[in-house]
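how would this look folded up:
(chains A and B)
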Amino acid sequence: MPTNFAATQTSARGLATNKLIRNTYTLLSMTLLFSAAMAAVSVAVQAGPGVGLVCSLAALGILWLVLPRTANSAAGLGVVFLFTGLLGFGLGPTITYHLAMPGGSQVVMTALGGTGVIFLGLSGYALTTRRDFSFMGGFLIVGLLVILGAALLNIFLAIPALSLALSAGIIMLFSGFILYDTGRMVNGGETNYIMATVSLYISILNIFTSLLHLLGAFGGDD
Amino acid sequence: MDWMKIGSALLIIAMMIYIWPAAKHMLTNSPKAEKGDWQAAAVPILAVVGFVILLISLV
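Residues are numbered from 1 along each chain as shown, chains lettered A, B, ... in the order given. Next up is the predicted model:
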C-alpha cells in the first residue's frame, strides 16, 4: 500500500508539473505576441524616448504592488497582459532607433530570432535534463545587483565600453535565470504559472534588448 | 542633468529596492551545488556566448 500511495503521489506531481509547464508556455506565447503587437503600435505612432522610461516605471509598480495580490486569481491574467503590454509599448523607441540605423531591420530581426533560439535552447535543455538549478539562486541575484549597480553608475559616467559589457553580462545573467526558472518549474519550486510566465518574460525581454544593443553596436554597415 | 537620467537612475534604484528582500532570501536559502552542477549550468551559458559572437559576426 505505501508503495502505491508513493506512486500515486509521484504521478499526481508529474501531472501538476506538466500542467504548469503547458499553462506557462501558452501564457508566455500569448503575452509575447501581445507585447510584440504593442511594440509595433509604439513604433507606428513614433513614441518618444521618455515613453520607455514611463512604461518601465509603471510596469515595475504593477510588478511590485499589483501582481503579488492578483497572481492567484483570474485577475492575474489581465495584470500580466497589462504588464507585458506596457513593457512592449516601452520597447518601441528602442526599436525605432535601431530601425533608423543602416541595416537596422536586419539587426532587429536577428536580435528577435537570436532571442528565440537562446530561449528555446535553454528552456529545452532545462526541461530535458530536468536538473534543479536552484543552487544558482544566490549567484544570480548577486549578479543582478552588481549589474544594476554598474548600470546606475554608467548613467552618469556614460562609458560606451561599460554599456556593451553590461549588455553582454545581462545576456549571460538572464540565460542563467531561464535555466533557474525552468528548473524551478520542473522540480516543484514554482507552482504558479502566472509568476513563472512573468519571470521568463522578463528574462526574454532583457536578452532581446541587450542583444539588440550588442548587434546595433558591432553589426550593421558602420 | 536631464530628467531622463534622473528617471533612469530612480528606476534602477527602485528595482534594487524591489529585489533586495528576495536577494536576502535567496542568499540564505539557496541549496549548495553538488558535483557537476556548475558544469551543467556553465555549458549552455557558454553556448549562448558562442551563439551571440556568431550573430555579431553575421550582421
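
what's the residue in chain B positioned nearest to chain A in contact with, if anything?
Nearest to chain A in chain B, going by Cβ to the nearest Cβ, is residue B:59, at a distance of 3.1 Å. All C-beta spots, glycine's among them, are computed from the backbone N, C-alpha and C. Residues in contact with residue B:59, defined by Cβ atoms under 8 Å, 6 or more residues apart in numbering or on different chains, are A:103, A:106, A:107, A:110, A:215, A:218, A:219, A:220.

What are the buried residues along the longest helix seen in chain B?
Longest helix of chain B, by residue count under DSSP state H: helix B:3-29. By neighbour count on 16 or more other Cβ atoms under 10 Å in any protein chain shown, the buried set for helix B:3-29 is B:7, B:8, B:9, B:11, B:12, B:15, B:23, B:26.

Now tabulate the residues you listed in JSON lines and tack on distance to residue A:36 and pLDDT.
Output for these, formatted as JSON lines (distance: Cβ to Cβ, whole Å; pLDDT from 0 to 100):
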{"residue": "B:7", "distance to residue A:36": "25", "pLDDT": "89"}
{"residue": "B:8", "distance to residue A:36": "24", "pLDDT": "91"}
{"residue": "B:9", "distance to residue A:36": "29", "pLDDT": "93"}
{"residue": "B:11", "distance to residue A:36": "23", "pLDDT": "90"}
{"residue": "B:12", "distance to residue A:36": "25", "pLDDT": "94"}
{"residue": "B:15", "distance to residue A:36": "24", "pLDDT": "91"}
{"residue": "B:23", "distance to residue A:36": "31", "pLDDT": "90"}
{"residue": "B:26", "distance to residue A:36": "31", "pLDDT": "86"}
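
near chain A, which of those residues show up?
Applying Cβ under 8 Å from any Cβ of the partner chain to those, one finds that B:7, B:8, B:9, B:11, B:12, B:15, B:23, B:26 fall near chain A.

where in chain A is pLDDT low?
By pLDDT under 70, the weakly predicted segments of chain A are A:1-3, A:5-10, A:220-222.

about what we covered before: quick check, nearest of the ones next to chain A among the buried residues of helix B:3-29 to residue A:55?
Among these, residue B:11 lies closest to residue A:55 (Cβ to Cβ), at 10.5 Å.

thinking the closest one is in contact with residue A:53, fair?
Yes: between residue B:11 and residue A:53 there is a contact under Cβ atoms under 8 Å: 6.6 Å.

what stretches of chain B score poorly on pLDDT?
The model of chain B has pLDDT under 70 over residues B:1.

tell me which parts of it are close to chain A?
So far as Cβ under 8 Å from any Cβ goes, chain B lies against chain A at B:3-5, B:7-16, B:18-19, B:22-23, B:26-27, B:29-34, B:37, B:40-41, B:44-45, B:47-49, B:51-52, B:55-56, B:58-59.

any idea how far the nearest residue to residue A:186 once chain neighbours are set aside lies from residue B:44?
Distances taken as Cβ to Cβ, 6 or more residues apart in numbering or on different chains put residue A:130 closest to residue A:186, at 5.2 Å, once the chain neighbours are dropped. In this view, residue A:130 and residue B:44 are 14 Å apart by Cβ to Cβ, to the nearest Å.

what's the answer for residue A:50, then?
Separation of residue A:50 from residue B:44 (Cβ to Cβ): 37 Å.

And the two? Which one has more around it.
Neighbour count, other Cβ atoms under 10 Å in any protein chain shown: between residue A:50 and residue B:44, residue B:44 has more, with 19 against 13.

Could I get the contacting residues of that one?
So residue B:44 contacts A:121, A:122, A:125, A:175, A:179 (Cβ under 8 Å, 6+ apart).

could you redo the last one with a cut-off of 6 Å?
Residues counted as contacts of residue B:44 (Cβ atoms under 6 Å, 6 or more residues apart in numbering or on different chains) are A:122, A:125.

what's the answer for residue A:218, then?
Contacts of residue A:218 by Cβ under 6 Å, 6+ apart are residue B:56.
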